[in-house]
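Engineer: Dropping the sequence and predicted coords here.
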Amino acid sequence: MSEETELKFIIHPDALAHVAERVSVFGGTHFAPQHLINLYFDTQDLELRRHGLGLRVRGNNDRYEMTAKTAGKIIGGLHQHPEYNIALPGPELNISLLPTDIWPQGIAVDSLQARLAPLFSTDYQREKWVITYGESEIEVAFDRGDVLAGAAREAICELEMELLSGNIADLLTFAQQISADGGLRLGSVSKAARGYDLAAGSPTREIRALSLLRPAPKASVEQGLREGLSLALAHWQYHEELWLADVPLARDSILAAIALVRETFVVMGNMIPRKATHVLREQLVDISALIALPDSDPHDLCYQTRYLQCKLAITTWLILQEWRASVDEKARKKLDGSFKRFADIMLSRCAAELKVAFGRALSSEEYQQQLPRLARHIMAFHLLSGFYPVNNVLTYILHWQALEQAIILPETNDVEFMRHQAVTQPGFWLSVSRR
């Protein structure tokens, strides 16, 4: 078993001609393009998919390999998956060669082989380089071809960077350099995931409401920080794909994800100094303004250098825990403390600030002035409320969101009613036991 650590990039058509040149500048060993055919298997009811497992057989010049990938994690465009690779004498699947401990409880392994069938395939040319960068060895693969499911197909045009040995810091720095000329964007949807969608008839993916952060019961403040940023990046990546698929409302969800990142920095501000997030905050302000432009085109913006560099910078800051170099011993102790206790304190503080801001009827101008504060605190509630029953939390947040909408759309004449409803509601964290 090995753990695959890689960054995936989608290549803009205009950048295709220059990809090989961009990579070859770094030297290393170049491998001529290979024709790879991958056949993916699952049961009729997608049992492997439900358990986060991927199973394929890859063919290349009469050599065959079976790969099983177990559930891993994706942060930004960084994919980390445990995987098992087994050489096969031919193209026939044989799961008896895989370790028995990879199968999750609930899968009937003894009958699984008979229930597996090809579901979709990928057919592409792979040109690759193995490059020494810093203390690490990185494989860079340039893939062009198709995902195929029956008569349906979807183009593959990707650049993958896999860490063969060394450290993630080198991989992320290398990616920053490769992407400096633009034409790339982080890819969060694997070839396998795209194949499953094709096999299912490419169902329309829906806009998702921003989730509450649901940390582990005994999470530290630092763990809450990491999970909050991971939640925001996942929300951003998911809705970026929708925006590129011409779902206009997905743009608002991307802006919400960015707002959650910024609010995470604010909430943690008494532990992590502003100098540790200054550059990131400036980048986020810059691209938020670009995204919010009425005529912003995702097919251009999402491939721009500053857009990608911003996402890579946040991913790097999170993966490498770069804030640690900026905190003193006092802040370190706070970060090691209970996130639950910290969240309760911050929830009370946010509620108190909102009650001061909206404790009386305001003029239209005053309401507009308080709107940014309200939006920020709504994001803070998403970040801090995950220890409590979801219905209680969502009801509380919805009252503040209703006030926000009434301020944005004053013609509804509901502002005073919504203000009173929001301000007078009790704090759920003061009376409801933790989950």
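Structural biologist: Arrived safely, thanks for sending.
Engineer: Could you check how many residues crowd around Thr277?
Structural biologist: As a burial measure, the neighbour count of Thr277 was computed by other CB atoms under 10 Å and equals 23. C-beta: built from backbone N, CA, C; applies to glycine.
Engineer: which ones are touching the residue lying closest to it once chain neighbours are set aside?
Structural biologist: Here the nearest residue to Thr277 in space, its sequence neighbours aside, is Phe265; by CB to CB, 6 or more residues apart in numbering that works out to 4.5 Å. Neighbour list for Phe265: Ile272, Thr277, Leu280, Arg281 [criterion: CB atoms under 8 Å, 6 or more residues apart in numbering].
Engineer: How about Ser338?
Structural biologist: Taking CB under 8 Å, 6+ apart as the definition, contacts of Ser338 comprise Lys218, Ala219, Ser220, Val221.
Engineer: Weed out the non-buried ones from those residues.
Structural biologist: Among the contacts of Ser338, the ones that count as buried by 16 or more other CB atoms under 10 Å are Ala219, Ser220, Val221.
Engineer: from these, which is closest to Ser385?
Structural biologist: Ala219 (13.6 Å; CB to CB).
Engineer: Now tell me which helix or strand of the protein has the poorest mean pLDDT.
Structural biologist: In the chain, no helix or strand scores lower on mean pLDDT, DSSP states H and E than strand 73-75, which sits at a mean of 81.
Engineer: Partner strands of that one and their direction?
Structural biologist: Listed by DSSP bridges, the sheet partners of strand 73-75 and their directions read strand 78-88 (antiparallel).
Engineer: what residues does the partner strand touch?
Structural biologist: The set of residues external to strand 78-88 that reach it, using CB under 8 Å, 6+ apart, is 1-8, 57, 63-74, 94, 97-99, 102, 168, 172, 190, 315, 319.
Engineer: before we move on, the earlier item: out of the buried ones among the contacts of Ser338, which sit inside helices?
Structural biologist: With helices identified by DSSP state H, the entries of the buried ones among the contacts of Ser338 that belong to them are Val221.
Engineer: need the contacts of Ser338 in a markdown table with pLDDT, can you?
Structural biologist: Formatted as a markdown table, the entries for these read as follows, by pLDDT from 0 to 100:
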| residue | pLDDT |
| --- | --- |
| Lys218 | 95 |
| Ala219 | 97 |
| Ser220 | 97 |
| Val221 | 97 |
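Engineer: Phi, psi for Tyr196 please.
Structural biologist: As for Tyr196, its main-chain torsions (degrees, to the nearest 10) stand at phi -60, psi -40.
Engineer: Ignoring the adjacent residues along the chain, who's closest to it?
Structural biologist: If you skip the residues right next to it in sequence, Tyr196 has Arg49 as its closest partner in space, 6.1 Å away by CB to CB, 6+ apart.
Engineer: Can you check the pLDDT for the one you found?
Structural biologist: Per-residue confidence (pLDDT) for Arg49: 93.
Engineer: Surely it is in contact with Leu55?
Structural biologist: No - using CB atoms under 8 Å, Arg49 and Leu55 do not qualify as a contacting pair, with a distance of 9.8 Å.
Engineer: So between the two, which is more surrounded?
Structural biologist: When neighbours are counted by other CB under 10 Å, Arg49 and Leu55 differ, and Leu55 comes out ahead with 23 against 19.
Engineer: ok, that one touching Thr43?
Structural biologist: No - counting by CB under 8 Å, Leu55 does not reach Thr43; the two are 10.2 Å apart.
Engineer: and for those two, which residues touch both?
Structural biologist: With contacts defined as CB under 8 Å, 6+ apart, the residues shared by Leu55 and Thr43 are Leu116.
Engineer: In which helix or strand does Ala114 reside?
Structural biologist: Assigned by DSSP states H and E, Ala114 falls within helix 109-115.
Engineer: Only alpha carbons, please: show that helix as PDB.
Structural biologist: Taking only C-alpha atoms (Å, rounded to 0.1, in the frame of the first residue of the first chain), the coordinates of helix 109-115 have been written out as PDB:
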ATOM      1  CA  VAL A 109     -16.100  -9.800  -0.400                       C
ATOM      2  CA  ASP A 110     -16.700 -13.500  -1.100                       C
ATOM      3  CA  SER A 111     -19.300 -12.700  -3.700                       C
ATOM      4  CA  LEU A 112     -18.000  -9.300  -4.900                       C
ATOM      5  CA  GLN A 113     -15.900 -10.500  -7.900                       C
ATOM      6  CA  ALA A 114     -19.000 -12.000  -9.500                       C
ATOM      7  CA  ARG A 115     -21.000  -8.800  -9.000                       C
END
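Engineer: Run the chain-centre distance for that helix.
Structural biologist: Its chain's average C-alpha position is 33 Å from that of helix 109-115, according to CA atoms, centre = their mean, to the nearest Å.
Engineer: and the end-to-end length of stretch 194-206?
Structural biologist: From its first residue to its last, stretch 194-206 covers 16 Å (CA to CA, to the nearest Å).
Engineer: Only the buried residues of it, if you could.
Structural biologist: Using 16+ other CB under 10 Å as the burial criterion, the residues of stretch 194-206 that qualify are Arg194, Gly195, Tyr196, Asp197, Leu198, Ala199.
Engineer: Thank you, goodbye.
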